[in-house]
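A.B. asks: Fold the following and give me the result.
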Amino acid sequence: MRILLVDDHEAIRDIYEIFLTSYFNCDVIQAESVVAAATEILKNTKNIDIIVSDYHMPEGNGGVLYTYVKKYLPETPFILFTSNVGIIDTDIVFKNFFKDNPYNSVISKPCPADEFAFIVGNIYQESNSCALKRIYPRKHDRYNMVVDASIKFTANEQIKYTKVMNLSNGGMFVRLDDQFPTTNSFIEYGLLSGNLNQPHGRGIVRWVRDKKVNHLLTGCGVEFIQ
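C.D. replies: Residues are numbered from 1 along each chain as shown. Predicted coordinates:
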């Protein structure tokens, strides 16, 4: 796996490269600007599997880079890694972002490095597993967003602030490290970033993973209910 990581902060690039290379057998190519990524690396480097890019950078933003990728590398998954995930609704470049490539994704900053590595690796595995896509077609359209959320467990009225991922029309994965709910218990959720069709609502816990398995994150799967 070869990943292009574009961010104007060297420390951020270095931290996430360390985690990516420790989790996976991959090469990480760093770029500090859109200019470096588009005019130097992408034009001269073959077989880039995934592009991860910040949005706000001095020499052009992530939207400029995505325009280039959409035109010349449309089959390469593009991950927008930004503290302002709402930009996909305000920058017209991202109008059909999730339709342009089903593996395009948005990750909300800040994101723990281990979670970031898991998400990137998962996208790579999905985009390269044709057999898996044929056998297990997605039942719901997935937003491919990782966003901040407040989760209220109705059984004990406890509220946790965490990240949710694998968002779809039917449910989501809630990231948890401890105090796991029981299956078939109810939650109330509020998405704190992103402009989705269901920013608030209720759900039911369908399964719980309370131990890490092969880098799979701990948490619970939630099905949305009306």
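
A.B. asks: Burial check on residue 204, number of neighbours?
C.D. replies: A count of nearby residues for residue 204, using other CB atoms under 10 Å, gives 16. Yep, even glycine has a C-beta here, placed from its N, CA and C like the rest.

A.B. asks: so where does it fall, helix or strand?
C.D. replies: Residue 204 belongs to strand 200-209 when assigned by DSSP states H and E.

A.B. asks: what's the angle from the helix or strand just after that strand to strand 200-209?
C.D. replies: For strand 200-209, the following helix or strand on the C-terminal side (DSSP H and E) is strand 219-225. Strand 219-225 runs at 140 degrees relative to strand 200-209, counting by axes from the mean of the first three to the mean of the last three CA atoms, to 10 degrees.

A.B. asks: Mind listing the strands strand 219-225 pairs with, and their directions?
C.D. replies: Using DSSP bridges, strand 219-225 pairs in its sheet with strand 171-175 (antiparallel), strand 200-209 (antiparallel).

A.B. asks: for that strand, what is the average pLDDT?
C.D. replies: Across strand 219-225, pLDDT averages out at 90.

A.B. asks: Repeat that for stretch 24-35.
C.D. replies: 90.

A.B. asks: Give me the distance between the two termini of it.
C.D. replies: End-to-end distance for stretch 24-35, by CA to CA, to the nearest Å: 28 Å.

A.B. asks: Next: stretch 81-96.
C.D. replies: End-to-end span of stretch 81-96 (CA to CA): 17 Å.

A.B. asks: likewise stretch 208-226?
C.D. replies: Start-to-end, stretch 208-226 (CA to CA) is 21 Å.

A.B. asks: Confirm residue 64 sits in a helix?
C.D. replies: Yes: assigned with DSSP: H, G, I helix; E, B strand; the rest coil, residue 64 falls within a helix.

A.B. asks: Helix or strand with the lowest mean pLDDT in this structure?
C.D. replies: helix 130-135 (a mean of 38; mean pLDDT, DSSP states H and E).

A.B. asks: Can you give the distance of the helix or strand just after that helix from its chain's centre?
C.D. replies: Next in sequence after helix 130-135, counting helices and strands by DSSP H and E, comes strand 145-153. Relative to its chain's centre, strand 145-153 lies at 13 Å (CA atoms, centre = their mean, to the nearest Å).
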